[in-house]
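[1] For reference, the sequence and a predicted model appear below.
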Amino acid sequence: MVGPQTIGAGGITGATGAGATGAAGASTTTGAGGATTFFTTFFTTFLTTFLTAFLTAFFFGAAFLTAFLTTFLATFFGAAFLTAFFTTFFFGATFFFGAAFFLGVAFFFPVAFFAICASFNAEDMFGRMAGAIIAQLPHRGAHSMMKKAGCAMLPPVSLTKAVILARGLGTRMRRAASDAALDEAQARAADAGVKGMIPIDRPFLDYVISALADAGFEDVCLVIGPEHRAIRDYYGREAQPSRVRVGFAVQAEPLGTADAVAAAAPFAGSDEFLAINSDNYYPVFVFERLRRLPGPGLAGFERASLARDGNIDDARVSRYAVLRLAADGTLADIVEKPDQDVWARTGSDALISMNCWRFSPRIFEAIRRIDRSPRGEYELADAVREAMRLGERFDVVPVAAGVLDLSQRTDIPAVARRLAGVEVRL
């Protein structure tokens with residue numbers, strides 16, 4: 001049994017009770033130059049100081065080297081003054097640099113880590129962690145910081161729903177075109193005006209839905225009319241997709257694109273969702289970039305890229321809506337049917353809307369507030385403007401790529417050539 005210890009002139013004396021060393025106990029005292037005293041002092045002081053410094057460094061994020069040097073110097077010299085001086089000096093540095101290091105690691109490491117996850121569009125545990133945490137950050141401030149850092153698009157995994165507007169009457173597609181080389185099945189589908197079901201080896205909509213699945217979407221809602229039995233039968237019975245779940249929303253009357261989006265409100269619920277046309281084939285990476293936005297937004301396609309990389313000539317592009325951007329890159333306005341003055345100001349750098357949107361549920365409130373346009377329809381552009389008046393902001397994602405447009409009969413052969421070899425997996 002170890003008794004009380006007293007400090008002697010030469011070192012530490014241990015008084016022991018009955019045991020192998022006898023009643024008087026065994027003395028561990030050595031002279032001033034004795035090896036036992038030196039190593040005992042060294043080891044005890046080293047262990048005590050090391051644990052103190054190491055734990056301090058660990059909790060405040062300081063370097064291991066600082067703790068080790070502090071311990072070694074204080075222990076080797078053995079003087080109370082040196083111990084106190086160096087411990088105090090390095091502790092101050094440890095606290096300062098440790099606090100800075102801790103804050104840096106606590107903030108910048110997760111950002112960098114999540115950005116790496118985002119760059120691979122991670123759909124694993126880490127990608128989900130990134131999306132969940134980034135979704136809780138201050139909406140615009142965080143996104144602005146990420147954009148400046150070059151990693152603006154982080155993947156909020158919550159965006160898994162997509163709405164495809166397939167209710168159109170197909171008026172232009174129904175028009176005869178003697179210069180359109182169509183096979184019999186394509187001609188029949190064009191006569192019906194159901195553009196999504198035009199066969200290009202398989203229904204055109206298959207390519208669109210497969211691209212959504214490639215981008216990580218899991219639930220797709222087709223907004224159709226009550227007469228569109230062919231679409232419902234094909235995706236409800238024949239195709240049986242395995243990568244996505246396909247549902248339907250019925251727009252009773254063709255009252256415009258905003259009314260079509262409103263028909264999907266039960267499908268969207270409280271979730272954000274993508275909304276696209278059924279007669280456009282968009283690049284997969286566009287869907288991926290919209291998924292990574294921190295909130296509502298849209299793709300803005302470069303005018304020159306649409307004409308160069310798609311099947312739409314510049315004369316046709318010039319009739320599409322032009323996006324006007326604010327200084328921070330968000331949407332300021334949509335200029336529909338732009339005139340020559342608008343094109344003169346924007347030129348080939350203009351960003352064009354091809355109706356590729358990411359919406360929050362606030363769009364439904366905006367739709368309820370708008371009136372019909374002069375042509376008697378509820379326009380999506382009007383709903384977006386109303387949503388902006390309600391405080392919604394839309395990030396614009398610039399895209400230097402083309403879109404395949406299936407609006408009229410003469411588009412079918414060109415689109416078929418571009419889609420040749422594209423793998424479809426539903």
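    Looks like it came in fine.
[2] which residues touch the closest residue to Ala416 other than its chain neighbours?
    Leaving aside its chain neighbours, Ala416 sits nearest to Ile200 (4.6 Å; criterion: CB to CB, 6 or more residues apart in numbering). (C-beta placed from N, C-alpha, C; glycine too.) In this structure, Ile200 makes contact with 186, 207, 412, 415-416, 419, judged by CB atoms under 8 Å, 6 or more residues apart in numbering.
[3] Which pLDDT value goes with Ile200?
    pLDDT for Ile200: 91.
[4] One more: the one 5 residues further on?
    In the predicted model, Leu205 carries a pLDDT score of 96.
[5] doesn't Met197 make contact with it?
    Yes: using CB atoms under 8 Å, Leu205 is in contact with Met197, at 6.7 Å.
[6] who touches both of the two?
    Shared contacts of Leu205 and Met197 (CB under 8 Å, 6+ apart): Ile231.
[7] Quick check: next helix or strand after the helix or strand hosting Arg308?
    Per DSSP states H and E: Arg308 is located in helix 303-309. Sequence-wise, the next helix or strand downstream of helix 303-309 (DSSP H and E) is helix 314-317.
[8] helices and strands around that following helix, which ones?
    Contact partners of helix 314-317 among helices and strands, from 3 or more CB pairs under 8 Å, 6 or more residues apart in numbering; DSSP states H and E: helix 303-309.
[9] For the helix it packs on, which helices and strands make contact with it?
    Counting by 3+ CB pairs under 8 Å, 6+ apart, helix 303-309 packs on helix 314-317, strand 351-359.
[10] can you put the ones you listed in TSV and add distance to Val424, mean neighbour count and mean pLDDT?
    Output for the helices and strands packed on helix 303-309, formatted as TSV (distance: least, CB to CB, whole Å; neighbours: other CB atoms under 10 Å; pLDDT from 0 to 100):
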stretch	distance to Val424	mean neighbour count	mean pLDDT
helix 314-317	27	14	85
strand 351-359	20	23	96
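[11] And these: which comes nearest Asp279?
    strand 351-359 (9.9 Å; CB to CB).
[12] So which elements touch that closest one?
    Using 3+ CB pairs under 8 Å, 6+ apart, strand 351-359 sits against strand 273-277, strand 280-281, helix 284-291, strand 297-302, helix 303-309, strand 322-325, helix 380-389.
[13] Buried residues, whichever helix or strand comes after it. List them.
    For strand 351-359, the following helix or strand on the C-terminal side (DSSP H and E) is helix 362-369. Residues 363-364, 366-367 are the ones in helix 362-369 that count as buried (16 or more other CB atoms under 10 Å).
[14] on that earlier part again, residues in contact with the helix holding Arg308?
    Here helix 303-309 has contacts from 312-314, 317, 346-352, 354, 399-403, using CB under 8 Å, 6+ apart.
[15] just stretch 366-376 next, same as before
    Residues from elsewhere that reach stretch 366-376 (CB under 8 Å, 6+ apart): 255-256, 258-259, 261-262, 378-379, 382-384, 386-387, 390, 392.
[16] Identify the residues contacting Gln251.
    Gln251 neighbours (CB under 8 Å, 6+ apart): 167, 223-225, 259-260, 263.
[17] Among those residues, which ones are in strands?
    With strands defined by DSSP state E, the entries of those inside them are 223-224.
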